[in-house]
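Engineer: Got a sequence here, can you build the structure:
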Amino acid sequence: MIRSAFALIPIALMLAGCSYSVANPLSEPDGPQTSAEVAAAKVRLATVDTLDVGRGFRGVLVQVTATAPLQGFYAPELRLLDGGRPTADGAVVLEAVALPPDASPVGAGPASARSMIAAQFVGDDILAGARKIRVVGTDSGLERPIPPVAPAPAPAGSS
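Structural biologist: As a prediction, the model looks like this:
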């Protein structure tokens with residue numbers, strides 16, 4: 001009898017670390033839940049500080065550093081405006097957005113505490129007919145020309 005009790009102790013210790021949780025509707029956060037709600041809750045960042053556009057495979061990679069108006073913003077992203085259609089001056093326009101703080105913000109704080117980096121790939125299908133990329137914030141925006149497509153390398157053995 002004692003042997004069987006000692007044999008159960010290691011099994012009980014292994015199972016003690018296992019747990020499961022059941023979703024409690026009373027403890028669910030009140031914030032946005034679906035991806036559409038999250039996208040709608042994002043607000044435009046204040047300033048666009050840097051903009052880099054680099055050529056990639058079948059498109060360009062757009063990366064920005066932007067400054068939020070207050071501390072606590074999170075989940076930054078670049079969002080295409082007008083479905084990515086170029087404007088009359090040939091620019092594909094993106095906006096720098098992020099989710100605002102859940103609680104009351106502490107305050108503006110230094111710019112280094114509000115700085116955020118976001119990147120977005122824009123495919124050649126969207127870039128057709130465009131000459132530049134423009135990223136806008138609430139107070140400022142930047143634009144850069146679209147880098148040209150690199151020529152394909154010559155096949156090996158051809159001179």
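Engineer: from here on, contacts and neighbour counts on C-alpha atoms
Structural biologist: OK.
Engineer: Which residue ranges of this protein form strands?
Structural biologist: Using DSSP state E, the strands of the chain run over 43-44, 47-56, 59-67, 74-80, 91-99, 115-123, 132-136, 141-145.
Engineer: closest to Ala156 out of those?
Structural biologist: Closest to Ala156 of these is strand 47-56 (Cα to Cα; 22.7 Å).
Engineer: Compute the inter-axis angle for the closest one and strand 115-123.
Structural biologist: Strand 47-56 and strand 115-123 are oriented at 40 degrees to each other (axes from the mean of the first three to the mean of the last three Cα atoms, to 10 degrees).
Engineer: list the contacts for the closest residue to Phe73 other than its chain neighbours?
Structural biologist: Spatial nearest neighbour of Phe73, chain neighbours left out: Pro100 (4.6 Å); criterion: Cα to Cα, 6 or more residues apart in numbering. Listed by Cα atoms under 8 Å, 6 or more residues apart in numbering, the contact partners of Pro100 are 41-43, 72-74.
Engineer: where does the chain have its least confident helix or strand?
Structural biologist: helix 2-16 (a mean of 60; mean pLDDT, DSSP states H and E).
Engineer: With mean neighbour count and mean pLDDT added, can I get the strands of the chain in TSV?
Structural biologist: Below are those laid out as TSV (neighbours: other Cα atoms under 10 Å; pLDDT from 0 to 100):
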stretch	mean neighbour count	mean pLDDT
strand 43-44	20	92
strand 47-56	18	95
strand 59-67	21	96
strand 74-80	19	94
strand 91-99	24	95
strand 115-123	18	96
strand 132-136	22	96
strand 141-145	16	95
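Engineer: how about TSV for those strands, with distance to Glu37 added?
Structural biologist: Listed next are these as TSV, based on distance: least, Cα to Cα, whole Å:
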stretch	distance to Glu37
strand 43-44	12
strand 47-56	24
strand 59-67	23
strand 74-80	14
strand 91-99	11
strand 115-123	20
strand 132-136	22
strand 141-145	26
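Engineer: Could you say which one of these comes nearest to Pro153?
Structural biologist: Closest among these, once you apply Cα to Cα, is strand 47-56, at 15.3 Å.
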